[in-house]
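Enquirer: any chance you can model this:
(chains A and B)
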Amino acid sequence: MLNFDAINVGDALPSRDHTANIVQLFMYNAAIWNPHRIHFDHAYATEEEGYPGIVLDGPLQGDWIGQVVTDWIGEDATLVSFGYTNRRAAMLGETMTAGGKVEEKNDETKEVKVSLYLQNGEGEVTIPGHAVVRFS
Amino acid sequence: MAELLTPEIKACIGQASPSIHVEVTRRDLRKYAVSTGQKAKKYLDGDVAPPLFHFGYAMEILPVDELRKDGIAEDKLIPELPLKRLMAGSSDTVYHRPICAGDKLVVTRKLKDLYEKEGRSGPLIFVVTETVVETQAGEPVLNETTSLIAR
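Expert: Modelled structure (predicted):
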């Protein structure tokens, strides 16, 4: 149970590692109906578009940082807004770490603003994000 | 800097794509939840959509022989640009209520802005679109602002 009164600015949200395999990536692109070849055709992605491998979808990685918030709040708050920016591509096989931190807390509106990140194995933030949640 | 965006291209700002009507099925929600690695039972059971589930509704469903060589369906909302390589930029969504199994939704996309900037490796065109999701009864569900970058 997440309690608004117990949240402090600077608190870290639980982080989670994600390593998509080719089956998961295939299922994701089928689910959203995305036939872009850079996500399943290795020869096309490397030879025609010059990527080092098969490319992970930006919105899949955006979803991973969204889960940092939805797993943190559970049923104890509602999501008001959520956003992310793709700064750098990631390739199939990379392990990406999703996490976040409490940035602001408003006692009147009972809203909490968090910053979010997705980080690659080199420690680079490839996708920063942000969200606002509201407690009732 | 040379002007890449001609008045003809700029005139497309404000245009909307025809609204898409979708019925949200539990099966679609479960497929999305499994493929994104969700842990919450409400997502895995397909009761409620995770926050970015609606992204797939921006994807056009076209016959295979109408797709481009790279597999992508031409986005009719975006005019032909002088820079061809499109990259994902950013997405910002405001939520009014969750998407649930059984919802009947209307999805409308609009071209909000087109502007150019000089990037580190050359000129960039920013394409800003807004996706509005409502129920068929007109209840607001969410508004997403997306920016794509052409280089």
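Enquirer: any residue of the strand ranked longest in chain B up close to chain A?
Expert: The longest strand of chain B (DSSP state E) is strand B:104-119. No - legend: contact between strand B:104-119 and chain A by C-beta under 8 Å from any C-beta of the partner chain is lacking; minimum distance shown is 12.9 Å. (Each C-beta comes from the backbone N, C-alpha and C, glycine too.)
Enquirer: and that strand, which residues are buried?
Expert: Residues B:Leu105, B:Val106, B:Val107, B:Arg109, B:Lys110, B:Leu111, B:Leu114, B:Glu116 are the ones in strand B:104-119 that count as buried (16 or more other C-beta atoms under 10 Å in any protein chain shown).
Enquirer: so which elements touch it?
Expert: strand B:20-23, strand B:122-135 (3 or more C-beta pairs under 8 Å, 6 or more residues apart in numbering or on different chains; DSSP states H and E).
Enquirer: which of the ones you listed is buried the deepest?
Expert: Each of those was scored by mean neighbour count; the highest is strand B:122-135, a mean of 18, by mean count of other C-beta atoms under 10 Å in any protein chain shown.
Enquirer: for chain A, which residues are neighbours of chain B?
Expert: So chain A meets chain B at A:18, A:20, A:24, A:27-28, A:30-38, A:41, A:44, A:48-49, A:58-60, A:62-64, A:66-67, A:69-71, A:74, A:78-86 (C-beta under 8 Å from any C-beta).
Enquirer: output the longest helix belonging to chain B.
Expert: helix B:26-35 (DSSP state H).
Enquirer: the following helix or strand past that one - what's its average pLDDT?
Expert: Downstream of helix B:26-35, the first helix or strand assigned by DSSP states H and E is helix B:41-44. On average, the pLDDT along helix B:41-44 is 98.
Enquirer: any idea which residue sits dead centre in chain B?
Expert: When C-alpha atoms, centre = their mean is applied to chain B, the residue found nearest the centroid is B:Ala58 (4.1 Å).
Enquirer: mind listing what that one touches?
Expert: B:Val107, B:Arg109, B:Thr131, B:Thr146 (C-beta atoms under 8 Å, 6 or more residues apart in numbering or on different chains).
Enquirer: how about the helices in chain A?
Expert: Using DSSP H, helices in chain A cover A:22-32, A:42-43, A:58-73.
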